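**Student:** predicted structure and sequence below. I'll ask about it afterward.
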Amino acid sequence: MKLKCLGCHALTRLVYLSAAYSHHLVDVTLMPIGLHNQPLNLRVQLQALIDDTVGQGYDAIVLAYGLCGQATAGLIARDIPVVLPRAHDCITLFLGSRTRYQEEFAREPGTYWYVQDYIERREGKGTSLSIGAGLDTNIDEVYDEYVQKYGKDNADYLMEVMGAWQHHYKRAVYIDMGVGDGHQVEEETRSEAARRGWTYEQMAGNLVLIRQLLGGEWGTDFLVVQPGERIAMAYGEDVVRSTPILLE
């Protein structure tokens with residue numbers, strides 16, 4: 001098969017490695033990490049890339065994304081299938097299964113996750129060090145912005161609320177994917193954990209879902225969206241489902 005992979009820069013090494021090992025011909029296009037903060041914009045850009053593949057000789061499009069704040073919900077398959085993992089976000093892809101992610105969440109829900117490509121490729125100081133985090137890494141910068149926008153009293157209140165919210169988090173986990181030299185990133189994660197008073201853990205990642213995605217092994221862990229269908233959010237373990245496009 002000839003596959004078109006659309007993915008996130010947070011998965012750069014893993015996507016290219018899996019493409020190299022795939023028995024299929026895989027063309028890769030990766031999107032900036034910062035688009036996760038703008039899910040509607042990310043959806044528009046992904047749909048444009050999907051539309052651009054029409055008539056280009058591909059057999060399927062594979063999305064190296066999860067639901068990602070519903071950024072992938074609403075995407076439409078045009079003339080070929082669109083395939084994506086049944087995952088809420090890329091943490092499932094790094095850990096290798098929804099079950100493992102659920103087990104870790106149950107063990108410690110207050111966890112921030114750190115991986116090499118995400119940290120190395122994040123855009124600007126305002127992007128958090130950890131995957132999916134809304135916590136800014138430069139608190140002083142956030143405070144100054146709040147003072148300018150809302151005044152000092154309101155800024156103090158907002159920082160107090162933010163601090164209470166942060167107390168929910170207790171653990172920083174560095175996911176070692178075994179690809180590239182992640183020593184510096186691991187040290188950054190340790191430092192971040194120490195600075196915030198969190199427990200630090202390191203655990204091995206698992207490439208299986210990404211390898212299967214780019215290898216055309218689309219079992220029950222994947223949704224295959226047929227031409228004329230769109231991606232929709234599903235409640236329960238399926239995470240995503242496909243629905244026919246309503247005729248206008």
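**Tutor:** Happy to help now that I have it. Numbering: from 1, shown residues only.
**Student:** where does the prediction get shaky in this protein?
**Tutor:** In the prediction, the chain carries residues with pLDDT under 70 at positions 123-146, 148-149, 156, 158-167, 247-248.
**Student:** try it again at 50.
**Tutor:** 125-129, 132-138, 247-248 (pLDDT under 50).
**Student:** domain ranges for it?
**Tutor:** 2-91+207-244, 98-204 (automatic domain parsing).
**Student:** just those domains: most buried one?
**Tutor:** domain 2-91+207-244 (a mean of 18; mean count of other CB atoms under 10 Å). Backbone N, C-alpha and C define where each C-beta goes, glycine included.
**Student:** ok, the nearest residue to residue 2 once chain neighbours are set aside to residue 119 distance?
**Tutor:** Spatial nearest neighbour of residue 2, excluding adjacent residues (CB to CB, 6 or more residues apart in numbering): residue 25 at 4.7 Å. According to CB to CB, to the nearest Å, residue 25 and residue 119 sit 31 Å apart.
**Student:** what do you get for residue 97?
**Tutor:** 23 Å.
**Student:** show me where the chain has its strands.
**Tutor:** 2-8, 25-31, 60-64, 82-85, 111-114, 171-176, 199-204, 222-225, 229-233, 240-244 (DSSP state E).
**Student:** the third one packs against which elements?
**Tutor:** Spelled out, that is strand 60-64. strand 2-8, strand 82-85, helix 208-215 (3 or more CB pairs under 8 Å, 6 or more residues apart in numbering; DSSP states H and E).
**Student:** so what are the sheet partners of it and their directions?
**Tutor:** According to DSSP bridges, strand 60-64 has the following sheet partners: strand 2-8 (parallel), strand 82-85 (parallel).
**Student:** quick one: distance of the first one to the chain centre.
**Tutor:** How far strand 2-8 lies from its chain's middle: 15 Å, per CA atoms, centre = their mean, to the nearest Å.
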